[in-house]
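>>> Mind folding the following:
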Amino acid sequence: MSNANPLTIAMVGTRGVPAAYGGFETAIEEVGRRLAARGHDVVVYTRGSERREKEYLGMRVVHLPAIPVKQIETLSHTGLSALHLMFRRRPDATFVFNAANSPFLPLLRLRRAPVGLHMDGLEWRRSKWGPRGKAYYRWAEQFGVRTADALIADAPGIADYYRHQFDVPTEMIRYGAPILESVTDGRIEELGLTPAGYHLVVARFEPENHVLEIVEGYRRSAAALPLVVVGSAPYSSEYTQRIQEAAAGDERIRLVGGVYDQELLDALYFHAFTYDHGHSVGGTNPSLLRALGASTAVIAFDVAFNREVLADDGWFFSAPDDVAAAFEHSEADPDGTRERGVRGQERARTAFRWEDVADAYEQLAHALAKRVSVHRTARRAKRRAQEW
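Next up is the predicted model:
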């Protein structure tokens, strides 16, 4: 897009850049560097980075500390970031990621800094949060709806949720997909694997990611190719134990733990026969997009988010028996499985382009700078009693 009116754009609420964690950080890096290349002054608030440079890929980086405790790490850093913004040049637009950070939006409103709040997925449904955590996230959603100038959803299902629960509009801005054209097979050989010679799971070990169901279903199947499970459980040792017990005694199942080497992860995605995706509570999931971009066919948990991303072009499961059938069907028709992967990559090229994502953020930043806001109508929004 042309840029006759450069803006100062702040990005707050994540670990920042360089991206080394989840979807938020990747989005900030991919969008921020493109906006900076278009002439905008992009400021990214960062915590925990080993690199201390004040500039990265054209973005200004502000390093601030955080309290290293799971429940308050993000909130403490976002609070400091909001205070920092109070005493610096007012940005034309501020993007705050994660509805949990909504308590700090009044500080930004006091500074008259217009805010777009990225609502993320349905965080209160995640098992890692106890009753207090779930209640907090539900409260923070409503407070964010009432306080932000714009609400960002990353999937149609998330937009539908906020329309149904609060009767408010959202800006639907997806993530982009990394397109992998070719990846050397040398890295997977380190793990004793061969191209198109294994099924792949990459997920945190949490119940809503359905790793256990995938392992149980695979075990029931007559699949010949091994199942490689990448991941660990940062919060749930009990769930990890259940997965280990489900895999025990089946030499086809390989639990390899966490893999944080991006080059190796890319190779694992690219050379997998299928990618097996159990995530159920997020919106547009970056792991699923990575599989699409790697031209790998997908077996996915049957929820609207996953069906929409895949355009229904995958195998879908709700129970272990569905998983078993999907593994067997994929191996029975290897040519059809490869063709499904090729179609997925083509969808990634057209529907999940980072340039389009950057365009959408740029358009929203200009609208915020012009004081376009949903706040006047949304500030009294109430959650519907009927659950979504």
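>>> mind listing what residue 120 touches?
Residue 120 sits next to 24, 97-99, 154, 282-283 when contact means Cβ atoms under 8 Å, 6 or more residues apart in numbering. Quick note: C-beta positions are derived from backbone N, CA and C, even for glycine.
>>> So which of the residues you listed are in strands?
Using DSSP state E, residue 97 are the members of the contacts of residue 120 that sit in strands.
>>> export the contacts of residue 120 to a markdown table and tack on distance to residue 227, neighbour count and pLDDT?
Formatted as a markdown table, the contacts of residue 120 follow (distance: Cβ to Cβ, whole Å; neighbours: other Cβ atoms under 10 Å; pLDDT from 0 to 100):
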| residue | distance to residue 227 | neighbour count | pLDDT |
| --- | --- | --- | --- |
| 24 | 29 | 21 | 88 |
| 97 | 33 | 23 | 96 |
| 98 | 32 | 21 | 94 |
| 99 | 35 | 26 | 94 |
| 154 | 29 | 27 | 93 |
| 282 | 22 | 26 | 78 |
| 283 | 26 | 25 | 84 |
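>>> Tabulate the contacts of residue 120 (a markdown table), appending distance to residue 34.
Output for those, formatted as a markdown table (distance: Cβ to Cβ, whole Å):
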| residue | distance to residue 34 |
| --- | --- |
| 24 | 16 |
| 97 | 17 |
| 98 | 21 |
| 99 | 25 |
| 154 | 17 |
| 282 | 23 |
| 283 | 21 |
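>>> Out of the contacts of residue 120, which is nearest to residue 301?
Distance to residue 301, by Cβ to Cβ, is smallest for residue 282 among these, at 10.9 Å.
>>> what's in contact with stretch 332-348?
Taking Cβ under 8 Å, 6+ apart as the rule, stretch 332-348 contacts 177, 179, 196, 273-274, 289, 291-298, 310-311, 313-314, 330-331.
>>> my guess is residue 134 meets residue 122, correct?
No: using Cβ atoms under 8 Å, residue 134 is not in contact with residue 122; the gap is 10.3 Å.
>>> neighbour-wise, which of these two wins?
A side-by-side neighbour count of residue 134 and residue 122, using other Cβ atoms under 10 Å, places residue 122 first with 21 against 15.
>>> Just give the nearest non-adjacent residue to that one, would you?
Closest residue to residue 122 apart from its sequence neighbours, by Cβ to Cβ, 6 or more residues apart in numbering: residue 281 at 5.0 Å.
>>> CA atoms only for whatever helix or strand residue 212 lives in - export them in CSV, please.
Assigned by DSSP states H and E, residue 212 belongs to helix 211-220. Only the C-alpha atoms of helix 211-220 are listed here, as CSV (Å, rounded to 0.1, in the frame of the first residue of the first chain):
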residue,chain,number,x,y,z
VAL,A,211,-2.5,-35.0,22.0
LEU,A,212,-3.7,-37.9,24.1
GLU,A,213,-6.5,-38.6,21.7
ILE,A,214,-4.1,-38.5,18.7
VAL,A,215,-1.7,-40.9,20.4
GLU,A,216,-4.5,-43.3,21.5
GLY,A,217,-6.1,-43.2,18.0
TYR,A,218,-2.7,-43.8,16.3
ARG,A,219,-2.1,-46.8,18.6
ARG,A,220,-5.5,-48.3,17.6
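>>> which other helices and strands contact it?
Here helix 211-220 touches strand 199-202, strand 227-230, helix 237-247, strand 253-257, helix 320-332, going by 3 or more Cβ pairs under 8 Å, 6 or more residues apart in numbering; DSSP states H and E.
>>> what's the closest of these to residue 30?
Nearest of the helices and strands packed on helix 211-220 to residue 30, taken as Cβ to Cβ: strand 199-202 at 19.4 Å.
>>> Can you name the residues in contact with the closest one?
Counting contacts by Cβ under 8 Å, 6+ apart, the residues outside strand 199-202 that touch it are 211, 214-215, 218, 223, 225-231, 259, 265, 268-269, 272-278, 287, 296, 299, 327, 330.
>>> State the pLDDT value of the most far-flung residue of the chain relative to its centre.
Within the chain, the residue lying farthest from the chain centre (Cα atoms, centre = their mean) is residue 249, at 33.5 Å. At residue 249, the model reports a pLDDT of 96.
>>> thinking again about what came up before, which ones among the contacts of residue 120 are found in helices?
residue 24 (DSSP state H).
>>> Just the closest of the contacts of residue 120 to residue 90, please.
Of the contacts of residue 120, the one sitting nearest to residue 90 (Cβ to Cβ) turns out to be residue 97, at 19.5 Å.
>>> can you tell me which residues contact that closest one?
By Cβ under 8 Å, 6+ apart, the contact set of residue 97 is 11-14, 24, 27-28, 118, 120.
>>> and those residues as TSV, adding distance to residue 56 and secondary structure?
TSV is the format used below for the contacts of residue 97 (distance: Cβ to Cβ, whole Å; DSSP: H, G, I helix; E, B strand; the rest coil):
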residue	distance to residue 56	secondary structure
11	12	strand
12	16	strand
13	17	coil
14	14	coil
24	16	helix
27	15	helix
28	10	helix
118	20	strand
120	23	coil
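>>> of these, the lowest pLDDT goes to which?
residue 120 (79).
>>> Residue 312 versus that residue, what's the distance?
Relative to residue 312, residue 120 is positioned 24 Å away (Cβ to Cβ, to the nearest Å).
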